[in-house]
Each structure stands twice: as C-alpha cells, then as structure tokens.
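K.L.:
no FASTA, just this:
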Ligand code: SAM
Ligand code: SF4
C-alpha cells in the first residue's frame, strides 16, 4: 500500500563500491549503519542525482501561491552563496556524488547579476552536468543569448495565464509582455525543449487550461501543469479545493485526446501525455506532449532523486523538510571538501519517506517555495 501512495518502504541499501572520498569516513560525520558509498543515498534506498540550487530568495513577482503581497524579509547579500561557493558545491556534487543534472532556481534566479558567470563556471566542470534554469522570464529577453553561450542547456518558464488581467491577478504585477518576450528570446537564442510550468487555482485560472495548452502547442513548448502545493506564504492552501491532476485531465479532455506517453518516466516528476485533437481520435496527428505533476494527489516520492541547496547554503533533502543542514557556515570556517561532502551525505541519509501532504496532522513548512527554491 505504501508504494501505491508514492511512499517508499524502509530498506537499507546494499553497500556499494567505495567512492572518491571513502577515506572521508575519517570525518566521523556519517551516521553508523550507512553503507560505504560516495553517493547521496538515503535510508529508503533512493540516490539523489538531480541537484536544485536556489540562487536567491528575492523575486520581482508576488505569485499568490508562493509569496505574500508585501514580500518577505529577504536575506542580506553576504548571507547568500557566492559564485565561488556555488561552483565549489556543484563540483563536489558532480565529482563526489555523481550528480548529473543541476537546475538553478530561486526566488528569481535572473535577479542574480552573476548568473551567466555561474552557468559558465558550472558548465566547465568535469564531468559536465546538464544545466537548466527555472525562471519567471522577466529580464530573460536581454540575457537568453548570453546564458545559452555560457552553457545553459534548458529553460523552464513559469506562466499561469496568457491573459494580462489573470496574469496580473496571480503574480500581482502587470508584466505578462515581458514574460512572453523572454520566451521568444529563448527560442531565438537556439535553446530548445523549453517547458512552461503552470499552477492552476480554483476560480482564478482553472478555466484556462485548454487555452494554455493550445497556446503552448502552437509555440512548440511543452506545457506542464503543477498541482498547487502547501508552500504558500499566506497558508491558504487546502487539499479539498486545490485543482487535482484528475481534474486537469478532465478539463483538457473536453478538447483533446490524451494518451499516456510510452517513454520511461525515469524519475521525472511529470507524467507525460501525447496530445491529439479529440475530433480526430487515436489515429489523429500528435500535436505535442503535455505533462502533469501530481505532487499532491499522485505523489512520486518513492522515486525522488532530488537534493536541494537553499540560497544560503542549506541542504534540504525534501521540499517539505522541517530541517536544513548548513554547509555555508562550515565552508566559510575552512571545512575541507571531504567534510562538506559528508555533511551533505549525512543530511540526505535522513531524507524522509515522503511529504505527507495527504496525512492527517500534516504541518506546512515555515518556509515558502520562494525561500526554499522550487
Ligand atoms: N521564480 C522562478 C519561477 O517562478 O519559475 C523560480 C522559482 S519558483 C519557486 C519555481 C516553481 O515553483 C515555479 O514553477 C512555480 O510555479 C512553482 N511554485 C511556487 N509555489 C508553488 C506552490 N505552492 N505549489 C506548486 N508550485 C509552486
Ligand atoms: Fe517569484 Fe517564482 Fe514565487 Fe512567482 S513562483 S513569486 S515568480 S519565486
């Protein structure tokens, strides 16, 4: 039953071959009973190979499901990871843990003036990870080319409506034109496989699902609907009013025929569907793919491969963790790579089985999505 809920069952993975810093057992940081592996293994046998780094907790939008209207008390600049610290942590991740994918997020990562340089540094790592960015696209129009030249591989843009009024109601800012200009610039810069992330909210934009998909298909973008999660600053999220994956499929089916895509999911959060015109049926031309990320109603925690760094250098093993392990303090106090790596490994060893958003007594983390890094 636990597997059906997307929660892994407890198991201690078999020991693997020693990795680059097995000598680092000497740090005394790793918990007793943890198998000798260099990877970011947890007690449920999952290994994290996908790193999300938040570059800032600041943002120029105030999406209702993420930030309060008045903003949040933002971190002072010295509290943020510097470019060199980010590169060092990314290097430890790829060389020590076998991380293969690094995604920059925030807050709004485009607010980092040194974003292009950070991407270039990380793209020069050996082995080179795949590098992607999740952004609201404000200011992307002028930086897309430089980011592509620096080595950025892929971009996900968050966009919840193509109606200026709805966009402004959700983000509390009238900047739809800038976002659309950013999306155009990504294509002009030669970056392909751009994805659009959309959160549907009841009574706000849930009636625009079909229209958004039409818009995305016309532009050749892969649209992904993300179920709203309990990470809003105003704590207004409610399980019984959120728009579920089943409701999203139902709405899209009024216009389109959705067929599960054959490609293996391979740890990806989105379940992909092939999209065809409903009137043409299964033999119709495939118009593109749509993804649905059912984090709440159909959780995929049992196959989670993510490890997260907050903008101030804390490891979070899960979006919904109530704990963080500080790496910045030890780094600034002269900790060696071996110590930093073991602190990170120990934090991931304690990764919880799942987010428990569906459990009675679920407690929403204090930090919002913008502060954790989505
Ligand atoms: N500012 C950037 C952006 O909006 O793309 C990057 C950070 S944002 C926190 C990353 C992603 O988290 C966005 O796609 C956003 O829609 C999503 N997000 C934020 N709050 C959410 C929530 N409560 N539930 C589901 N997704 C959320
Ligand atoms: Fe900013 Fe992204 Fe949060 Fe919207 S979702 S407020 S753009 S961090």
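P.N.:
Everything's here; your move. Here the structure is a predicted model, which means the values were calculated and not measured. Ligands and ions are numbered 1, 2, ... in the order given.
K.L.:
From now on I want contacts and neighbour counts done on CA atoms only, so please keep to that.
P.N.:
Will do.
K.L.:
counting contacts, what elements does the helix or strand where residue 307 lies pack onto?
P.N.:
Residue 307 belongs to strand 306-309 when elements are defined using DSSP states H and E. Under the contact criterion of 3 or more Cα pairs under 8 Å, 6 or more residues apart in numbering; DSSP states H and E, strand 306-309 touches strand 50-54, strand 314-316.
K.L.:
same for the helix or strand where residue 346 lies, what does it pack against?
P.N.:
Assignment of secondary structure by DSSP H and E places residue 346 within helix 337-349. Contacts of helix 337-349 with other secondary structure elements, assessed using 3+ Cα pairs under 8 Å, 6+ apart, are made with strand 40-41, helix 83-96, strand 314-316, strand 325-326.
K.L.:
Pick the most deeply packed of these.
P.N.:
Of the helices and strands packed on helix 337-349, the one with the most neighbours on average (mean count of other Cα atoms under 10 Å) is strand 40-41, at a mean of 26.
K.L.:
State the next helix or strand along the chain beyond that one.
P.N.:
Towards the C-terminus, the helix or strand next in line after strand 40-41, according to DSSP H and E, is strand 47-48.
K.L.:
give the contact list for residue 256.
P.N.:
275-279 (Cα atoms under 8 Å, 6 or more residues apart in numbering).
K.L.:
Provide a list of residue ranges in the stretch 251-374 of the chain with pLDDT below threshold.
P.N.:
Low-confidence regions of the stretch 251-374 of the chain, defined by pLDDT under 70, span residues 356-365, 367-368, 371.
K.L.:
And the residue in it positioned nearest to ligand 1, how far from ligand 2?
P.N.:
Sorted by distance to ligand 1 under Cα to the nearest ligand atom, the residues of the stretch 251-374 of the chain start with residue 374, at 3.9 Å. Taking Cα to the nearest ligand atom, to the nearest Å as the measure, residue 374 and ligand 2 are separated by 8 Å.
K.L.:
Excluding chain neighbours, what is closest to whichever residue of the stretch 151-300 of the chain sits closest to ligand 2?
P.N.:
Across the stretch 151-300 of the chain, the shortest distance to ligand 2 (Cα to the nearest ligand atom) belongs to residue 171, at 6.3 Å. In space, and not counting its chain neighbours, residue 171 is closest to residue 63: 4.0 Å by Cα to Cα, 6 or more residues apart in numbering.
K.L.:
Residue 120 contacts residue 153, doesn't it?
P.N.:
No: the criterion here is Cα atoms under 8 Å, and residue 120 misses it with residue 153 at 11.3 Å.
K.L.:
mind checking which helix or strand residue 113 is in?
P.N.:
Remark: residue 113 resides in no helix or strand, with elements defined by DSSP H and E.
K.L.:
and what of residue 155?
P.N.:
The secondary structure element spanning residue 155 is strand 154-158 (assigned by DSSP H and E).
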